[in-house]
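>>> everything below, folded, please.
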Amino acid sequence: MFRLEETMGYDLVTFGEAMVRLSPPHFQRLEQTNALDVNIGGAELNVAIAAQRLGLRCAYVTRLTDNPLGRMIANKAREHGIDVSHIVWTKEDRIGLYFVEFGASPRASSVLYDRANSAMSKIRTGEVDWDKVFQDSRAFHTTGITPALSSSAAEATKEAVRKAKEKGVLVSLDLNYRARLWRPEEARRVMTELNSQADILITTEEDAEKVLGVKESSFEGMAERLNQMFRNLQVVAVTVRETPSVWRNTWTALAYSQGKIFHGPVFDIEIVDRLGAGDAFAGGFLYGFLTQNVETGLRFGLAISALKQTNPGDFVWATKEECERILAGPGLRIVR
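Numbering: from 1, shown residues only. A predicted model of the protein is given here:
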């Protein structure tokens, strides 16, 4: 078992873009609202926050414009205890924005991006001192969103993964396909190269089919097939959402590792905000995997991501104790 106190480096380093999230309150449409709720969100930062709240020591690496919006992002990361000392700052470019409209059946929630020419999309190889970042560090995580931002961001992502492998750092990838950022064939080319160097792959059924062309009759078969495609993978984890309604669904996951299938618990969720749920799963899974094993990773990944969907915003605000409480069994009595 990996003991957190034995390392002076980071337990987990994440790399990607965070943006300012703006959303109309009370299910309003963007065209009708007179106010916007302001939050920060970004897949890799969301992952770091979930892992940090469970007990890992995390660092977040990105490129930010040195203005109030950029400082807001860094400050929100710091608020959760994330090390932001390796952020690349620039006086140029801009911070990306995205707008979220929350739907109610039959209207689905929707996202509108305004992230072109963001500071992170302009990142280049050589800007991050990865040798320093990965010194005595345990794991690295990024997603398919980061290389999709631009060709230079793709090269910077490849550089980060290569440096992680050189340093003996475990590499975790989430496919996280975004159709508005790149085409499936572009995603397949880049993510195939990155997956060939990864140790952990996290995905959904939909992303595995769109990005890697993998479609099987079962989630278990899909996970096994992905492991056959990339023999270097220690774990393939798949999140599974069944949605009987917009605001209520079941949430679970499974993993394939060392020739075995592992199933996690199933949670029935009353959804407040599902954005960031998959990221919270990744953070919780990495916490459990690094401290114990695949089964513990599934349990904490599902618990903290289930709890994430009960609070507004991309970030999870749950504690390890709350995760342990819902893993011990259901119960909605007021905690006094």
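>>> least confident secondary structure element in the protein?
Counting by mean pLDDT, DSSP states H and E, the chain has its least confident helix or strand at strand 235-245, which shows a mean of 88.
>>> I'd like to know which elements it is packed against.
When contacts are defined as 3 or more Cβ pairs under 8 Å, 6 or more residues apart in numbering; DSSP states H and E, strand 235-245 packs onto strand 200-204, helix 205-212, helix 219-229, strand 248-257, helix 277-291, helix 294-308. From N, CA and C alone the C-beta is placed, and that goes for glycine too.
>>> quick one: residue 328 from residue 308, how far?
Taking Cβ to Cβ, to the nearest Å as the criterion, residue 328 is separated from residue 308 by 19 Å.
>>> show me where pLDDT drops low in the chain?
For the chain, the stretches flagged by pLDDT under 70 are 1-8, 244-246, 330-336.
>>> tell me where it has helices.
With helices called from DSSP state H, the chain shows them at 43-54, 68-79, 130-133, 145-148, 151-166, 184-195, 205-212, 219-229, 277-291, 294-308, 320-328.
>>> and stretch 199-214, C-alpha only, in CSV?
Output of stretch 199-214 as CSV, limited to C-alpha atoms (Å, rounded to 0.1, in the frame of the first residue of the first chain):
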residue,chain,number,x,y,z
ASP,A,199,-1.5,3.4,-16.6
ILE,A,200,-5.2,4.2,-15.8
LEU,A,201,-7.9,5.0,-18.3
ILE,A,202,-11.2,6.4,-17.2
THR,A,203,-14.1,6.7,-19.6
THR,A,204,-17.8,6.4,-20.4
GLU,A,205,-19.4,4.0,-22.9
GLU,A,206,-20.2,6.9,-25.2
ASP,A,207,-16.6,8.4,-25.2
ALA,A,208,-15.0,5.0,-25.8
GLU,A,209,-17.1,4.5,-28.9
LYS,A,210,-16.7,8.0,-30.3
VAL,A,211,-12.9,8.4,-29.6
LEU,A,212,-11.6,4.8,-29.8
GLY,A,213,-14.3,3.1,-31.9
VAL,A,214,-15.0,0.5,-29.1
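>>> give me the buried stretch members for it, please.
199-205, 207-212, 214 (16 or more other Cβ atoms under 10 Å).
>>> reformat the residues you listed as a markdown table; add distance to residue 186.
Below are the buried residues of stretch 199-214 laid out as a markdown table (distance: Cβ to Cβ, whole Å):
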| residue | distance to residue 186 |
| --- | --- |
| 199 | 24 |
| 200 | 23 |
| 201 | 18 |
| 202 | 20 |
| 203 | 17 |
| 204 | 19 |
| 205 | 21 |
| 207 | 14 |
| 208 | 16 |
| 209 | 16 |
| 210 | 12 |
| 211 | 10 |
| 212 | 13 |
| 214 | 17 |
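>>> and which of the residues you listed is nearest residue 74?
residue 202 (25.6 Å; Cβ to Cβ).
>>> contacts made by stretch 308-323 with the rest, please.
Residues outside stretch 308-323 that contact it (Cβ atoms under 8 Å, 6 or more residues apart in numbering) are 21, 37, 39-42, 46, 49-50, 53-55, 76, 80, 251, 269-277, 279-280, 283-284, 300, 303-305, 307.
>>> re the thing from before, got the angle for the least confident helix or strand of the chain vs helix 277-291?
If you take axes from the mean of the first three to the mean of the last three Cα atoms, to 10 degrees, strand 235-245 sits at 150 degrees to helix 277-291.
>>> off-centre distance for strand 235-245?
Computed by Cα atoms, centre = their mean, to the nearest Å, the chain-centroid distance of strand 235-245 equals 14 Å.
>>> the inter-axis angle of that strand versus strand 200-204?
If you take the same axes, to 10 degrees, strand 235-245 sits at 20 degrees to strand 200-204.
>>> now strand 235-245 - C-alpha only, CSV.
As requested, C-alpha coordinates have been extracted for strand 235-245 and formatted as CSV (Å, rounded to 0.1, in the frame of the first residue of the first chain):
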residue,chain,number,x,y,z
VAL,A,235,-6.9,-0.2,-14.9
VAL,A,236,-9.8,0.7,-17.1
ALA,A,237,-12.6,2.3,-15.2
VAL,A,238,-16.0,3.0,-16.7
THR,A,239,-18.7,5.2,-15.2
VAL,A,240,-22.3,4.3,-15.8
ARG,A,241,-25.3,6.6,-15.6
GLU,A,242,-28.9,5.4,-16.0
THR,A,243,-31.2,8.4,-16.3
PRO,A,244,-35.0,7.9,-15.7
SER,A,245,-35.4,11.7,-15.4
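>>> pull the residues that contact that strand.
105, 199-205, 208, 219, 222-224, 226-227, 249-257, 278, 281, 285, 289, 294, 297-298, 301, 305.
>>> and with 6 Å instead?
Residues outside strand 235-245 that contact it (Cβ atoms under 6 Å, 6 or more residues apart in numbering) are 200-204, 219, 223, 226-227, 249-257, 278, 281, 285, 294.
>>> can you point out the buried residues in that strand?
Result for strand 235-245 [16+ other Cβ under 10 Å]: buried residues 235-241.
>>> and of those residues, the nearest to residue 27?
Using Cβ to Cβ, residue 241 comes nearest to residue 27 of the buried residues of strand 235-245, at 21.1 Å.
>>> cool, thanks, signing off.
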